[in-house]
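*Asks:* Provided below are the primary sequence and the corresponding predicted coordinates.
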Amino acid sequence: MTPDYAHPVVSQLPRPTAETAIFAGIVLLALLIAVAVLTLAESVYQYRRDRRRDRVREDVELALLSRMSDPDPEWDEWVASASTPERDVARELLDDYLRTVEGTERANLVELVRELGIFAEARETLDGGARHEKLQALGWFALSGEGVDPDRLEATCTGGNDLRAAAARVLYEADHPDARERGTDLLVGDGSTTLTTHGLDTLYRLYETDPKPLLDRAAAEGDEWGLSLVVQVLSVIRHTGLLAQDADWSFVRDHTTHESPSVRAAAAQAFGPPGWDPAFRESVPVERLLADPHRNVRRATYEVLAEWGDGRSLELLREALRTEPDQRSRLRGLEALDDNQLTELELGVPTADDNRDDGPVPSVPVAGDAAADTTPPAPTVDTEDDGEVTAGTAAGSPTETGATDPAAAEPADADQAVDVAVDAGGQSLTPDPTAFDRALAWVRADREASDR
């Protein structure tokens with residue numbers, strides 16, 4: 001658009017001339033040439049550096065491999081005589097070797113890290129480096145298991161969730177005596193944070209062998225935590241709580257009434273592993289969870305009941321599935337019941353339940369027995385031309401052979417299919433897998449048809 005030079009303001013501006021345009025073009029061309037020259041120079045420098053490193057790599061590998069198992073590797077002498085390319089290659093190799101070796105070899109390599117001055121550089125970086133430089137420094141500490149003062153970490157590594165997670169991992173890898181407490185301080189912060197994947201894994205590792213301190217801390221501070229952090233902590237409790245049945249589970253029980261369905265579902269799932277203890281099962285508000293208005297909470301509860309596998313839990317699961325209004329939740333519960341059925345058939349013994357009395361335990365066929373070949377084929381799902389989806393029959397099934405067993409007949413609707421599957425899948429230690437699989441296939445087919 002051509003400026004209006006008749007305007008009183010624009011008229012005061014100097015008009016562009018051919019000389020001005022030529023000068024601007026020359027400046028732009030000079031800048032482009034400068035960028036091209038710098039890029040070329042950097043490429044040549046990196047190429048020559050890589051060539052120098054490639055020439056010494058084999059010698060450095062030989063030196064590290066021959067000394068790492070030596071009781072006295074004399075790294076100080078090797079470092080003093082090493083060239084700059086050799087030291088650079090040594091740092092690259094250490095980053096790989098420290099991830100694979102253990103014992104004396106690892107300890108010797110850590111001494112080489114120290115002799116190369118990597119730890120000293122890393123500590124200086126923590127005090128004044130950029131964020132990505134701090135992450136690299138923390139990586140060296142964690143990889144080597146080198147201890148760092150927790151106060152220093154809290155003072156220099158709180159500028160982001162990734163820095164907090166890396167600092168907590170340093171305390172864990174160094175086996176610091178206060179790793180759990182101080183590491184959790186770094187990870188949790190003020191409670192409003194969301195753990196990174198690295199941070200969630202670190203929290204799990206901190207409490208992998210004993211989640212009781214985490215349960216105690218959650219009971220004391222959990223009300224101040226954000227929604228995401230609560231769900232993540234509940235997930236860690238689920239994966240570490242197998243032997244924590246005697247701990248304080250008030251944090252988990254209290255969150256079964258939380259306003260968020262995600263929190264309630266996570267709380268329900270956390271009850272799964274310690275459920276081998278009958279006394280612990282009695283403390284879980286199962287009826288409340290089964291009556292929860294949100295389907296995800298009910299689904300999680302179905303899986304927990306199947307995981308427990310005792311007689312009362314399976315009975316509660318069967319009754320809940322008969323009245324479950326959500327088709328997907330019903331299928332999830334049936335699949336959980338199916339998993340429990342297969343476990344009982346494979347083991348041939350009842351799950352732990354002091355109050356369960358189902359009579360003598362039947363024998364389980366083993367390979368080579370005549371009875372071992374009685375496993376029925378899997379059912380197929382057929383779609384008729386009129387669009388109605390039904391469960392097909394497998395060859396040799398009761399329906400094909402003309403049997404009139406009600407459990408083997410095709411269900412009239414989804415509700416009847418659930419009744420068949422529930423009855424076949426959990427009434428005893430010898431359920432009818434053919435009827436169960438057929439009914440389960442019918443429910444799945446019905447759900448797929450409703451999704452179309």
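*Replies:* That came in fine, so what should we check first?

*Asks:* Val188 touches Leu229, doesn't it?
*Replies:* Yes. In this structure, Val188 is within contact of Leu229 by Cβ atoms under 8 Å, at 6.8 Å. Backbone N, C-alpha and C define where each C-beta goes, glycine included.

*Asks:* Show me the contact partners of stretch 181-191.
*Replies:* 150, 153-154, 157-158, 164-165, 167-169, 171-172, 176, 193, 195, 199, 202-203, 206, 213-214, 217, 221, 224-226, 229 (Cβ atoms under 8 Å, 6 or more residues apart in numbering).

*Asks:* whoops, stretch 97-114 was the one
*Replies:* If you take Cβ under 8 Å, 6+ apart as the criterion, stretch 97-114 is touched by 64, 67-71, 73, 75, 79, 90, 94, 119, 140, 143-146.

*Asks:* Drop anything exposed from those.
*Replies:* Among the contacts of stretch 97-114, those classed as buried by 16 or more other Cβ atoms under 10 Å are 64, 67-68, 73, 75, 90, 94, 119, 140, 143-144, 146.

*Asks:* Number of residues surrounding the closest residue to Glu224 other than its chain neighbours?
*Replies:* Closest residue to Glu224 apart from its sequence neighbours, by Cβ to Cβ, 6 or more residues apart in numbering: Gly191 at 4.7 Å. For Gly191, the neighbour count with other Cβ atoms under 10 Å is 13.

*Asks:* Gly191 and Asp201, how far apart?
*Replies:* 20 Å (Cβ to Cβ, to the nearest Å).

*Asks:* and if you look at Leu29?
*Replies:* In terms of Cβ to Cβ, Leu29 sits 53 Å off from Asp201.

*Asks:* Tell me which of the two has more neighbours.
*Replies:* Neighbour count, other Cβ under 10 Å: between Leu29 and Asp201, Asp201 has more, with 15 against 10.

*Asks:* Which strand or helix spans the more buried one?
*Replies:* Element membership for Asp201 (DSSP states H and E) is helix 197-206.

*Asks:* With just CA atoms, put that helix into CSV.
*Replies:* What follows is helix 197-206, C-alpha atoms only, in CSV (Å, rounded to 0.1, in the frame of the first residue of the first chain):
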residue,chain,number,x,y,z
THR,A,197,6.2,-39.5,35.4
HIS,A,198,9.7,-39.5,36.8
GLY,A,199,8.4,-38.0,40.1
LEU,A,200,5.6,-40.6,40.4
ASP,A,201,8.1,-43.4,39.8
THR,A,202,10.4,-41.9,42.5
LEU,A,203,7.5,-41.7,45.0
TYR,A,204,6.8,-45.4,44.3
ARG,A,205,10.4,-46.4,44.8
LEU,A,206,10.6,-44.4,48.1
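
*Asks:* Can you point out the buried residues in it?
*Replies:* Buried residues in helix 197-206, counted by 16+ other Cβ under 10 Å: 198-200, 202-206.

*Asks:* what's the closest of those to Arg299?
*Replies:* Nearest to Arg299 among these, counting by Cβ to Cβ, is Leu200 at 22.4 Å.

*Asks:* show me what contacts the closest residue to that closest one other than its chain neighbours?
*Replies:* What sits nearest to Leu200 in space, not counting adjacent residues and going by Cβ to Cβ, 6+ apart, is Gln232, at 5.6 Å. Neighbouring residues of Gln232 by Cβ under 8 Å, 6+ apart: 194-195, 200, 203.

*Asks:* now these as CSV including pLDDT?
*Replies:* Output for the contacts of Gln232, formatted as CSV (pLDDT from 0 to 100):
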residue, pLDDT
Thr194, 94
Leu195, 96
Leu200, 97
Leu203, 97
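
*Asks:* Could you count how many residues lie near Thr100?
*Replies:* Counted with other Cβ under 10 Å, Thr100 comes out at 8.

*Asks:* Could you list every helix and strand in contact with the top helix by length along the chain?
*Replies:* The residue-count maximum for a helix in the chain (DSSP state H) belongs to helix 18-67. Counting by 3 or more Cβ pairs under 8 Å, 6 or more residues apart in numbering; DSSP states H and E, the packing neighbours recorded for helix 18-67 are helix 75-81, helix 84-97, helix 103-115.

*Asks:* Now do that helix against helix 84-97, angle only.
*Replies:* 70 degrees (axes from the mean of the first three to the mean of the last three Cα atoms, to 10 degrees).

*Asks:* orientation of helix 18-67 relative to helix 103-115 in degrees?
*Replies:* 140 degrees.

*Asks:* Just the mean pLDDT for helix 18-67, thanks.
*Replies:* Regarding helix 18-67, the rounded mean pLDDT is 90.

*Asks:* now stretch 135-152
*Replies:* pLDDT averaged over stretch 135-152 gives 96.

*Asks:* what's the answer for stretch 88-102, then?
*Replies:* pLDDT averaged over stretch 88-102 gives 95.
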